[in-house]
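Student: Here is my input, please return the structure:
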Amino acid sequence: MQFFSRMSPLRAFRDLRFFLNQRQPYELWFLVLAVTITSVLIWAFAHDSYFEKEYKPNIIYVQQYRLDRTDAQIIAQQKIDQPAIDAAKAKQAAREEKMRQSFKKVDDAMNRLGI
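Tutor: This next block holds a predicted model:
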């Protein structure tokens, strides 16, 4: 138990202060310089580190239909699903048109510059 009594933070601080008091001033400046350079390098590596996000796949669930469906049931289901399909197609067409316009804008600007 005597070992743990020697491990007090107060004694460690006193020992560090005694050690630093015996050093020359230029040694203390080199100590500060070494700690600063090391801290800057550690900070630079931590700041520059980049971790990619974990890949999360886009899962598309497909509705399973019975094999013994009649043609009338298939046509009725298609009529129910048609507005959603049309909306998705319209949304995709709008996205493509917006992209086309942005490319046309860049192309026109390059034509004005003679590129």
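Student: Just the element for residue 93, please.
Tutor: Mapping residue 93 onto the secondary structure by DSSP states H and E places it in helix 71-113.
Student: Also residue 29?
Tutor: Assessed by DSSP H and E, residue 29 sits inside helix 25-48.
Student: who does that helix touch, helix- and strand-wise?
Tutor: Applying 3 or more C-beta pairs under 8 Å, 6 or more residues apart in numbering; DSSP states H and E, one finds that helix 25-48 makes contact with no other helix or strand. Quick note: C-beta positions are derived from backbone N, CA and C, even for glycine.
Student: could you give the mean pLDDT of it?
Tutor: Helix 25-48 comes out with an average pLDDT of 94.
Student: now swap in stretch 12-20 and tell me
Tutor: Throughout stretch 12-20, pLDDT has a mean value of 88.
Student: Over to stretch 72-81?
Tutor: Regarding stretch 72-81, the rounded mean pLDDT is 94.
Student: So residue 55 versus residue 89, what's the distance?
Tutor: Residue 55 sits 28 Å away from residue 89, taking C-beta to C-beta, to the nearest Å as the criterion.
Student: same thing with residue 107?
Tutor: 26 Å.
Student: How about residue 20?
Tutor: The span separating residue 20 from residue 89 equals 75 Å under the rule C-beta to C-beta.
Student: Likewise for residue 80?
Tutor: Note on residue 80: its distance to residue 89, by C-beta to C-beta, is 16 Å.
Student: and the helix holding residue 93, what does it pack onto?
Tutor: Using 3+ C-beta pairs under 8 Å, 6+ apart, helix 71-113 sits against no helix or strand.
Student: what about that helix, distance to the chain center?
Tutor: Offset of helix 71-113 from its chain centre (C-alpha atoms, centre = their mean, to the nearest Å): 30 Å.
Student: picking that back up, show me what the helix holding residue 29 is in contact with.
Tutor: The set of residues that contact helix 25-48 without belonging to it, under C-beta atoms under 8 Å, 6 or more residues apart in numbering, is 20, 23.
Student: what angle do the one helix or strand residue 16 maps to and helix 25-48 make?
Tutor: Secondary structure here is read from DSSP H and E; on that basis residue 16 sits in helix 9-21. Taking axes from the mean of the first three to the mean of the last three C-alpha atoms, to 10 degrees, one finds helix 9-21 and helix 25-48 inclined to each other by 120 degrees.
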